[in-house]
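Need coordinates for the following:
(chains A and B)
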Protein chains: 2
Amino acid sequence: MAALAPVLNDIDRDLDNALERLFAFLRIPSVSTDPAYAGHCREAAQWLEGTLTALGFETGIHETSLHPVVLAHAPKPGTPHVLFYGHYDVQPVDPLNLWETPPFEPRLATNAQGEREIVGRGASDDKGQVMTFIEACRAWKAMDGELPCGVTILIEGAEENGSQGLPEWVAANRDKLGADIVLVCDTSMWNPTTPAITTSLRGLAYFEVKVRCADRDLHSGFFGGAARNPIHILSKIIADLHDADGKVALPGFYEGVRETPTEILEQWKGLDFTAEKFLRPIGLSEPAGERGRMLIELIQSRPACDVNGIIGGYTGEGTKTVIAGEASAKISFRLVDDQDPEVLARTFEAFVRERIPADCSVEVICYKGSRAISLPFDMPELDLARTALAEEWGVPAVTIGAGGSIPIVGDFKRLLDRNTLLIGFGLDDDRIHSPNEKYSLTSFHKGTRSWARILAAFGAVA
Amino acid sequence: MAALAPVLNDIDRDLDNALERLFAFLRIPSVSTDPAYAGHCREAAQWLEGTLTALGFETGIHETSLHPVVLAHAPKPGTPHVLFYGHYDVQPVDPLNLWETPPFEPRLATNAQGEREIVGRGASDDKGQVMTFIEACRAWKAMDGELPCGVTILIEGAEENGSQGLPEWVAANRDKLGADIVLVCDTSMWNPTTPAITTSLRGLAYFEVKVRCADRDLHSGFFGGAARNPIHILSKIIADLHDADGKVALPGFYEGVRETPTEILEQWKGLDFTAEKFLRPIGLSEPAGERGRMLIELIQSRPACDVNGIIGGYTGEGTKTVIAGEASAKISFRLVDDQDPEVLARTFEAFVRERIPADCSVEVICYKGSRAISLPFDMPELDLARTALAEEWGVPAVTIGAGGSIPIVGDFKRLLDRNTLLIGFGLDDDRIHSPNEKYSLTSFHKGTRSWARILAAFGAVA
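I've put the predicted structure just below:
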């Protein structure tokens, strides 16, 4: 087995340079959902291509129907082979005015607790996490001349846009993606000192609903009381989505949802996962959603529905006595167990349409959906990774379910018949998708060390 | 009595020049609700000052707490004296992308029916209407050297912003506003060929509701199902504002609302005011609002509630899996009879607050409110104006109630003890407050002729 200690030492010694490399990556505004940033997405792919080529990977940029993917190979015959997946694209930055510093000018800050944080869009989701793996590879190459096991790296550019184009590309390039297991670094730790391996993920169904009434904006003095108001219609639809007990009121919504086994619920009760700890840091204190459920159930094993955005009428300063001609909302569902996003899409559209008056119209846009997934607990790689993480962090890694969705994990199972280990070093307060996104310097540093250990453990199997 | 015929001839002959003067006025982007346009509001006041001074009025610009007012005097001892009121400010122009040509580049267009229209923000509300009166004065001065009766002109700059500062200014300047009656040109005709005098106006109460939950935007994957969503809360409030019969569901809301007398309802039934005629032109066909009421009741004699705008979360292109920290809506009520906007403000705020979860907060901003007003049918000036309008248009003028609010009319009654005749030449499809606002060239031309006749009729009383 190759020597791990010098590799870990090299990671410690090279941390400042590693940060500089991450900052260069973070400066590229690779927002995937806005076509105006398409050039920057390609720029991020090219940056990765250069970085991975310099590390000795055989690297290429491949086109998809949206942004290109980067694929890099470093085979090592006679050892297990891992496929690492991450994404170089980032979320939009609005509301821009809430950022303390420009989102694409990354910086190192010290928080109120004296901890150092990397601040910038993508710091945690997912550029910072991707770079923990790449930096681990760099250290192995630098110290040992090669990696402990075979590695293929696949970095896509449309994860924040539903991974548009990626499943088709994976299906068409199965031959390039041979591996024993998939590794993903896009999830969170259990808490700042306890690593976690995510073994289940909620699915997602995302819709946009545009209600149109009059063919123009109207004066509410003239028409108020006589003309349909699309904001009223949309508000009624949204209000109807939940019943008084916080359950989602779509017909058949809970079909395919299984009750969490009693023994798991008992384990969760022991975790001391309280509203005080989970909600207080974001300024809340009472769990919303389904009544009578534990908080951890609500975010891990129960489905949910949220309106992600709404707009209509006059939204500027002061007053305008207008009845909008049109209003729209973005509405998404988190799915668990066997809930089917395609069935949900039909149910949801019918639910919306039956609430539209005869003289108004509605457009329901259905963005990409994904089913929930859960991974087998008996993967040998799971044990190897838990041991490696425990050695780095000094405490056992927790295996958890995650509330968010990484649809491509289901695609890897379906298209490559491979399981995925989700090991991430994000923290719950990383403000991903929000202003002032950050990634703990400890996450970056110990995350890199963790991957160095995991690669060593996989290589030692040979 | 001075000779009317040459004055009407002069109006006909000078129409092109009158249009040029109106266009110059329309080119000034005097949006009163946005502080960025304050300089342009003053510019509009100065334009009026120059115009009225040139016509021989003793004219001054007076400061208020918001935008200045223009006051112009042309006394004529021994004749009745009228106070004409209008406003030089205009509504914001958004959504700008729906304008076919820039809003402050007025133009003459020909509509699908071959009728000529003045297009631009303010063309109808209220610059075009104001200029009908000023052009009538110009023609009288040009042909007769003086006006038929005494005239004071008061043009304010904050009508679209709740006439902020005007009541205080009127109260402090009663001595400058002596008149027998107030004339306002800011209302509509019954239809394109039938003039109308508006004898009642609905009141207005306008609120903004800002709901705050988490202290930042959240990832809906992480927090969905556990964290409060302010868009859900706001949608529930809005949905609760109306019951299943379209009535406003605020406790006590209908206190002070009187049933329209049977004989008026009978008159209205004869008017052939159908959904086909009123709603079809704007792309609708079914009256919204209270069930079991005639359409004309809904917009003239019944109160109403409309959400004028809503915003929260991600509203850009594509998807973002976010739970907003904050969402807000602008909500207004049209009031009739004895409904009290101050009582309503208390009821509304309580209604909102009892729907806010304990760990969230709400801010309810109360903009200026106004009571509904109705004018006496026995004013002698009403008969004079009806006769003058009938002579110009060839059909009797209809006396109607108007759905919109002109709060200052109540202030003139309260502060100056004077009644107001509301005579306007707008049309229901003028798209005031909307993109592509227009004013019929016929309205402008025959409106000017109408005022020339009305001034003559008032002067003849002497």
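
roughly how far is stretch A:12-23 from the heart of the chain?
24 Å (CA atoms, centre = their mean, to the nearest Å).

What is the burial count for the residue lying closest to A:Asn308 once chain neighbours are set aside?
Closest residue to A:Asn308 apart from its sequence neighbours, by CB to CB, 6 or more residues apart in numbering or on different chains: A:Lys330 at 4.4 Å. The C-beta positions use only the backbone N, C-alpha and C, and glycine is treated the same way. Neighbour count for A:Lys330, taken as other CB atoms under 10 Å in any protein chain shown: 26.

swap in A:Trp169?
21.

residues from the stretch 1-150 of chain A in reach of chain B?
Residues of the stretch 1-150 of chain A that fall close to chain B, judged by CB under 8 Å from any CB of the partner chain: A:Thr33, A:Asp34, A:Pro35, A:Gln91, A:Pro92, A:Asp94, A:Pro95, A:Leu98.

List buried members of the residues you listed by neighbour count.
Taking 16 or more other CB atoms under 10 Å in any protein chain shown as the criterion, what is buried in those is A:Thr33, A:Asp34, A:Gln91, A:Pro92, A:Asp94.

follow-up on the earlier one: so the residue nearest to A:Asn308, which of the three states?
With DSSP: H, G, I helix; E, B strand; the rest coil as the basis, A:Lys330 sits in strand.

residues touching it, list them.
When contacts are counted by CB atoms under 8 Å, 6 or more residues apart in numbering or on different chains, A:Lys330 touches A:206-209, A:307-310, B:313-315, B:319-320.

Which of the residues of the stretch 1-150 of chain A next to chain B sits closest to A:Leu279?
Taking CB to CB as the measure, A:Leu279 lies nearest A:Leu98 of the residues of the stretch 1-150 of chain A next to chain B, at 20.1 Å.

close enough to count as contact, that closest one and A:Glu437?
No: between A:Leu98 and A:Glu437 there is no contact under CB atoms under 8 Å: 11.3 Å.

Would you mind naming what in the stretch 351-462 of chain A lies close to chain B?
For the stretch 351-462 of chain A, the residues found near chain B under the criterion CB under 8 Å from any CB are A:357-360, A:367, A:402-405, A:428, A:431-435.

let's see it at 10 Å
Residues of the stretch 351-462 of chain A lying close to chain B (CB under 10 Å from any CB of the partner chain) are A:357-361, A:365, A:367-368, A:402-406, A:426, A:428-436.

Of these, which qualify as buried by neighbour count?
Buried members of those, scored by 16+ other CB under 10 Å, are A:359-360, A:367-368, A:402-406, A:426, A:428-436.

Show me those residues that map onto strands.
Judged by DSSP state E, the subset of these located in strands is A:Ala402.

continuing past the lowest-mean-pLDDT helix or strand in chain A, what's the next helix or strand?
Within chain A, no helix or strand scores below strand A:398-402, which has a mean of 77 by mean pLDDT, DSSP states H and E. Using DSSP states H and E, the helix or strand that follows strand A:398-402 towards the C-terminus is helix A:408-411.

Residues touching that next one, excluding its own?
Where contact means CB atoms under 10 Å, 6 or more residues apart in numbering or on different chains, the residues beyond helix A:408-411 that reach it are A:85, A:87, A:154, A:156, A:158-159, A:162-163, A:166-168, A:170-171, A:182, A:184, A:186, A:198, A:200-201, A:203, A:370-373, A:375, A:415, A:418-422.
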